[in-house]
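Trainee: Take this sequence and fold it.
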Amino acid sequence: MSKVRVFIVEDDFIHANRLEMYLEEMGYELAGLVANAEEAINLIAATKPDLLLVDIHLEGNRDGVQMVEQLNKKNPIPAIFITSFRDKETFDRAKLTDPYAYIIKPYDKDMLQAAIELAVYKFSKTSKHLDTIHTQTDYQGWNEDQLVNDTMYVKSNGSLVKIKLSDILCVEAKDKICQIGLIKESIDTRISLQKLEEQLISDRFLRVHRSFIINKEAISQVNLSESKVSVGQYAVPIGRSYKASFLNSLGQLPD
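Mentor: Below is the predicted model of the structure:
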């Protein structure tokens with residue numbers, strides 16, 4: 001599990017500090033903070049952030065919209081535009097870059113958090129269909145990197161966290177939360193098991209009980225007499241109605 005890394009491009013000192021403070025309070029990692037588009041383009045390529053917070057009206061030869069337009073040509077990264085202007089022309093220009101969210105000053109922490117969550121949600125919807133709408137020779141920038149890096153995002157303790165799918169051993173539904181068991185830790189997220197199962201699009205994951213999903217690649221032992229499967233440090237029960245499909249997935253026929 002790692003923090004979502006956010007890069008800020010803001011030339012107003014007060015707003016830049018406020019954004020940095022909000023990100024820290026929400027549990028995100030600051031990947032970089034610059035005041036102009038030229039410097040941002042170079043540092044974004046080097047730091048590879050997960051998300052951009054971009055003020056539209058920046059000092060220098062390029063504004064925020066032009067900067068995002070240039071990034072989109074080579075290596076698109078989800079961008080949230082921030083502006084103090086409400087004119088239609090500015091909004092229409094920003095809209096053409098397909099931003100993931102758009103917030104207007106003055107904003108508060110809740111507004112920023114909602115925009116970040118919306119951006120990640122929109123990305124997750126897009127990335128699920130990349131393999132059906134693009135060829136392997138097309139480079140899809142940030143979206144493709146996320147698929148290669150095998151990651152997903154969940155909300156835990158008020159902020160989004162980034163999880164490698166290969167680190168997930170099992171998921172257990174507990175009341176109104178799901179507990180995700182990772183190799184080194186576990187985290188709780190307020191999402192239904194069904195919704196989380198929809199996000200685990202890799203064929204490595206399998207439902208073995210009404211309350212459990214496991215990572216098949218992490219199986220170390222199957223105890224048929226006790227109807228349990230060991231994945232890392234977790235002993236997961238195998239539900240009666242799931243047993244046949246589970247054993248078939250392993251190439252074994254049920255008793």
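Trainee: Now for the residue nearest to the spatial centre of the chain: which residues touch it?
Mentor: Centroid check for the chain by C-alpha atoms, centre = their mean gives residue 153 as the closest residue, at 3.3 Å. Listed by C-beta atoms under 8 Å, 6 or more residues apart in numbering, the contact partners of residue 153 are 4, 120, 124, 160, 161, 162, 163. Any C-beta I mention is one placed from the backbone N, CA and C, and that applies to glycine too.
Trainee: among these, which two are most distant?
Mentor: 124 and 161 (13.6 Å; C-beta to C-beta).
Trainee: The two - which one has more neighbours?
Mentor: Taking other C-beta atoms under 10 Å, residue 124 and residue 161 do not tie; residue 161 has more neighbours (19 against 15).
Trainee: quick one: the more buried one and residue 154 touch, right?
Mentor: Yes. Counting by C-beta atoms under 8 Å, residue 161 touches residue 154, with 6.2 Å between them.
Trainee: Next, count neighbours for residue 215.
Mentor: Residue 215: 23 neighbours (other C-beta under 10 Å).
Trainee: and it, how far is that from residue 105?
Mentor: 44 Å (C-beta to C-beta, to the nearest Å).
Trainee: Give me the longest helix you can find in this protein.
Mentor: helix 109-127 (DSSP state H).
Trainee: pull the CA atoms of it into PDB?
Mentor: What follows is helix 109-127, C-alpha atoms only, in PDB (Å, rounded to 0.1, in the frame of the first residue of the first chain):
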ATOM      1  CA  LYS A 109     -10.600  20.600   2.100                       C
ATOM      2  CA  ASP A 110     -13.900  18.700   1.600                       C
ATOM      3  CA  MET A 111     -14.300  20.200  -1.900                       C
ATOM      4  CA  LEU A 112     -10.700  19.200  -2.800                       C
ATOM      5  CA  GLN A 113     -11.200  15.700  -1.400                       C
ATOM      6  CA  ALA A 114     -14.300  15.200  -3.400                       C
ATOM      7  CA  ALA A 115     -12.500  16.300  -6.600                       C
ATOM      8  CA  ILE A 116      -9.600  13.900  -6.000                       C
ATOM      9  CA  GLU A 117     -12.000  11.000  -5.400                       C
ATOM     10  CA  LEU A 118     -14.000  11.900  -8.500                       C
ATOM     11  CA  ALA A 119     -10.700  11.900 -10.500                       C
ATOM     12  CA  VAL A 120      -9.700   8.500  -9.300                       C
ATOM     13  CA  TYR A 121     -13.200   7.100  -9.900                       C
ATOM     14  CA  LYS A 122     -13.300   8.400 -13.500                       C
ATOM     15  CA  PHE A 123      -9.900   7.000 -14.100                       C
ATOM     16  CA  SER A 124     -10.800   3.500 -12.800                       C
ATOM     17  CA  LYS A 125     -13.900   3.500 -15.100                       C
ATOM     18  CA  THR A 126     -11.700   4.400 -18.100                       C
ATOM     19  CA  SER A 127      -8.800   2.000 -17.400                       C
END
